[in-house]
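[1] no sequence for this one, just the structure:
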């Protein structure tokens, strides 16, 4: 008998269990993020993700570009759209940027990228923000078809140390202007959050201020509560962290895995009744594992993977 009698094993949904149609629609075309070391643990992404899913590849400081490109090539070969991170602060100079782009494009057929400052305090070279990467013109020269940039629904203390969002909003206005002159499709990919109402208010504010870049909202996939809190603190998640902290104070929920049902459900319901809602996609951070996240998506209406034929 469990020493925690209030903990019940989660039962798998019965075959044919109806899903929420609003959530099903909202999950359509979701993306997911991996790192080379987490991708290595997946034998075949075709067993987990719908064909054509956009897979972001996070570039952590210290990861060799060769490892990043090899991961991109492998995932691309399995039938997925690959979007590697380009963290400005770990790119030494424009020649290095051009080299990375050429490698991704030539060796892995990559034609889309997420441009961001990166989590490094001191830049390694000439770049310190994503706007400089855009200004370089290198992605335009290479003909990249899609460029995503970071969005911050809860602000960013690194960018605005005073707790305001002045610099963040100025950067968004700049990116909006760039988008109007770029041939590439652009969107905002955000950090993960846990509270829907402030996210909706933020998205509405952007639209009201003329920033119409589509928003791909960051969502933490199912994971242990302790794991989520650790990542949330490390990644600078803002006020919505209190949702996790409140849950952690409830002993009946402390050891149960967190799932994003409530967060996604509220956003999906708002999207269903708001045709011009500018949050258009879900972007998963699979903090509890890629397989766990993929299975949750399938159970909640995300398209199922089509098993690859075995040789």
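    Arrived safely. Just so we're clear, the structure is a prediction, and the values are computed from it rather than from any experiment.

[2] Only C-alpha atoms from now on, for both contacts and neighbour counts.
    OK.

[3] Torsion angles phi and psi at residue 163?
    Per-residue torsions, residue 163: phi 90, psi 0 (degrees, to the nearest 10).

[4] Do you have the helices of this structure handy? List them.
    For the chain, the helices defined by DSSP state H occupy 21-27, 36-39, 65-77, 94-108, 130-135, 138-142, 166-179, 196-208, 225-234, 241-248, 261-273, 290-299.

[5] Quick check: buried residues in the last one?
    Read that as helix 290-299. By neighbour count, with 16 or more other CA atoms under 10 Å as the criterion, the buried positions of helix 290-299 are 290, 291, 293, 294, 295, 296, 297, 298, 299.

[6] so which of these comes closest to residue 30?
    Set against residue 30, the nearest of the buried residues of helix 290-299 by CA to CA is residue 297 (9.0 Å).

[7] Any figure for the gap between that closest one and residue 288?
    Distance, residue 297 to residue 288, using CA to CA, to the nearest Å: 13 Å.

[8] For residue 59, find the nearest of the helices of the chain.
    helix 65-77 (7.1 Å).

[9] Quick one: mean pLDDT for the closest one?
    Average pLDDT, helix 65-77: 98.

[10] Now it: buried residues?
    Neighbour-count burial for helix 65-77 [16+ other CA under 10 Å]: 68, 69, 70, 71, 72, 73, 74, 75, 76.

[11] Identify the residues contacting the last one.
    Residue 76 makes contacts with 82, 108, 109, 110, as judged by CA atoms under 8 Å, 6 or more residues apart in numbering.

[12] surely the first one meets residue 104?
    No. Contact status for residue 82 versus residue 104: not in contact, 9.7 Å apart, counting by CA atoms under 8 Å.

[13] Comparing the two, which shows the higher neighbour count?
    Neighbours were counted for residue 82 and for residue 104 using other CA atoms under 10 Å; residue 82 has more, 28 against 24.

[14] Could you report the pLDDT at the more buried one?
    For residue 82, pLDDT reads 98.

[15] Distance check, it against residue 41.
    Per CA to CA, residue 82 is found 17 Å from residue 41.

[16] Poorly predicted segments of the chain, please.
    Along the chain, segments meeting pLDDT under 70 span 1-17, 156-157, 160, 229, 231-256, 306-311.

[17] 80 - rerun?
    1-18, 119, 155-164, 225-257, 304-311 (pLDDT under 80).

[18] Point to the residue nearest the middle of it.
    The centre of the chain sits closest to residue 283, judged by CA atoms, centre = their mean, with a distance of 4.0 Å.
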